Structures are given as structure tokens and as C-alpha cells.
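Q: Provide a 3D model corresponding to the input given below.
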Amino acid sequence: MKLIEVFAGWIKAFAYESQRLFYFSLKMIASLFGRPFYASETLEQMYLIGVGSLFFVMLTGISAGQAMAVQFSNELADFGSKGYLGRVMAIAIIRELGPVLAGLMVAARVASGITAELGSMKSSNQIDALIAFGINPVKKLAAPRLIALIIMVPVLTILCDVISLLGGWIIAIFIAHITSTTYWVAVKERLIFGNLFIGLAKPVVFALIIAFISCYKGFTAEGGTKGVGKATTDSVVLTSITILVSNFVVTKVVFSLIKGYL
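A: The predicted model follows:
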């Protein structure tokens, strides 16, 4: 009975937090409309998120792309089909690897920073000061981060796709012994609407997840510095798990909608 009570309490707390997160997400979306527009804060966040995450995303992309190319080339060689390496790489990277890797890297780096920054402002009563001056803190602090993430996560995903394909090209030339023409022609064959749509739809969803969860955890952090630390950890864990779960959901939904374009 005690175990059941603990489990029921956990479910109740999860439902309550989910409800609060949902309403906070609606507030963030509503804050995008109407004046004032904080353009300078948005540009600053775009720089911090995009340029700040560029090195990590590109390093992860080229490493993962080369590793996948080595494994795919070995498997395709058994069937005498190494010429299809570019097709397989394009499908795997554009549909799956690029969006997920970029989303997880941005979540690990940016979600923690957003939560820690907003949580520190809350614990030091800076958010209360904004309210006292008649400034909407969600519009001032959360909306610029949401816009920046929606713009920069797809851009970082595209860069991750490109660098991963370049990593696969290096493996194709020096290890699989495939000509550049064979590799890039095969890649081009899979640059079709369906694959590109999936590859760009996922990062937008991931950007919303990162923005909603990290800002919510920052605005609701309690307990001083210890509470901010816990909120930061929870933010990274929740965004990473939600990205992985939503990746399957988005893939299933999009596949059912654009099946004829794949």
C-alpha cells in the first residue's frame, strides 16, 4: 500500500507540473504577439545560442558522420553496394542523426544556461523588480529566447547535416574507396522534399521543447542557489528525454502525412 501511495503521489506531482508547464508555454507563445518587441535581446540570444553552440554541434556532427560512414561502408561492401553509401548517409543524417544530435547538444549547453540565468534572477528578486516596473517578465526574458531557439536550432541542424555528410565523404574517399562523384550523386538523389521536411520539422519541435522547459524551470526555481542547481539539472534531463521521445512521435506523424514524398 505504501508503494502504491508513493506511485500515486508521483503521478499527481507529474500531472500538476505538466499542467503548469502547459499554461506557461501558452503564456510564452502569447508573449510573441504585441508590443514591445525586444529586438536587441533576441539578437543577443541568437548569438549566444547559435555561435556559442556552433563548435560543439560541428564537432559532434563530423565525428558521428564519419563513424556511421565506416559502419555503413563495411555492411554495404558485403553486398557489393558501396555506391549506395551516399544515399544511406543522406537518409540517416537528414532524417535522424542531424536533428537529434543538434537538439541534444543545444539542450545540454543552452537549457542549463537559460535555467541557471533565469533561476538566479528569480532568487535575487530581479524578476519581481521587472513586475514592479510594469514589465512583463515572460515577454522580456522568455520570448527572446524562444524566438532565438526557433531560428538557430534549425540553422545548427543544417550545419550539422552538412558537416556530417562531409565527414562521410572523407570516409568514402579514403576508406571505402568511392569516388566523390559517386558519393555526392547518391546524396543528391535523397535530397527530396520528404526528407528535407522531416529534417527541418524536427529541430523546430526540439527548439520549442528546449525553450518551454528551460524557461519554465528557471521561472519556477525555488530554494536559493541549491534550488537553482536542482532546476538546472532537471532542465537538462527533461529536455533531453523529451527530445528523444518527441523524435519518435514527430517521425511517426510526419511519415503518415508525407508518405508519398519519401
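
Q: helices or strands up against the one helix or strand residue 255 maps to?
A: Assigned by DSSP states H and E, residue 255 falls within helix 224-257. On a contact count with 3 or more Cβ pairs under 8 Å, 6 or more residues apart in numbering; DSSP states H and E, helix 224-257 meets helix 98-106, helix 112-123, helix 193-219. Glycine gets a C-beta too; all of them are placed from N, C-alpha and C.

Q: Check the offset of it from the chain's centre.
A: Put simply, helix 224-257 sits 9 Å off its chain's centre (Cα atoms, centre = their mean, to the nearest Å).

Q: How confident was the prediction at the closest residue to residue 246 other than its chain neighbours?
A: Nearest residue to residue 246, sequence neighbours excluded (Cβ to Cβ, 6 or more residues apart in numbering): residue 205, at 5.8 Å. On pLDDT, residue 205 comes in at 94.

Q: got it, and residue 211?
A: Model confidence at residue 211, given as pLDDT, is 93.

Q: Just give the number of residues close to it.
A: Using other Cβ atoms under 10 Å, residue 211 is surrounded by 26 other residues.

Q: what's near enough to touch it?
A: 28, 114, 142, 145, 146, 149, 150 (Cβ atoms under 8 Å, 6 or more residues apart in numbering).

Q: about what we covered before: out of the helices and strands packed on helix 224-257, name the one with the poorest average pLDDT.
A: helix 112-123 (a mean of 88).

Q: List the buried residues of that helix.
A: 112, 113, 114, 115, 116, 117, 118, 119, 120, 121, 122, 123 (16 or more other Cβ atoms under 10 Å).

Q: Distance to residue 192 added to these, as CSV?
A: Formatted as CSV, these follow (distance: Cβ to Cβ, whole Å):
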residue, distance to residue 192
112, 36
113, 36
114, 35
115, 38
116, 41
117, 41
118, 41
119, 44
120, 46
121, 46
122, 47
123, 50
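
Q: Just name the closest of the residues you listed to residue 52, please.
A: residue 113 (8.6 Å; Cβ to Cβ).

Q: how about the nearest residue to the closest one, chain neighbours excluded?
A: Of all residues not flanking residue 113 in the chain, residue 48 sits nearest, at 7.7 Å (Cβ to Cβ, 6+ apart).

Q: tally of neighbours for residue 57?
A: Neighbour count of residue 57, defined by other Cβ under 10 Å: 25.

Q: How about the residue most central in space within the chain, nearest residue that isn't a chain neighbour?
A: Nearest to the geometric centre of the chain sits residue 103, at 2.4 Å (Cα atoms, centre = their mean). Closest residue to residue 103 apart from its sequence neighbours, by Cβ to Cβ, 6+ apart: residue 206 at 3.6 Å.

Q: quick revisit: so who does the residue nearest to the centre of the chain touch?
A: Applying Cβ under 8 Å, 6+ apart, the residues near residue 103 are 153, 157, 202, 203, 206, 207, 209, 210, 243, 247.

Q: Count the neighbours of the residue nearest to residue 103 for me.
A: Residues lying near residue 206 (other Cβ under 10 Å) number 27.

Q: I'd guessed it sits against residue 107; true?
A: Yes. At 7.5 Å, residue 206 and residue 107 qualify as touching, with contact defined as Cβ atoms under 8 Å.

Q: List just the one of the helices and strands packed on helix 224-257 that sits closest to residue 21.
A: helix 193-219 (5.1 Å).

Q: State the helix or strand in which residue 69 lies.
A: Assigned by DSSP H and E, residue 69 falls in helix 52-77.

Q: low pLDDT regions in the chain?
A: For the chain, applying pLDDT under 70 flags the ranges 1, 259-262.

Q: any idea how far residue 181 is from residue 103?
A: The spacing between residue 181 and residue 103, counted by Cβ to Cβ, to the nearest Å, is 33 Å.

Q: Overlap of the contact sets of residue 206 and residue 107?
A: Counting by Cβ under 8 Å, 6+ apart, the contacts common to residue 206 and residue 107 are residue 243.
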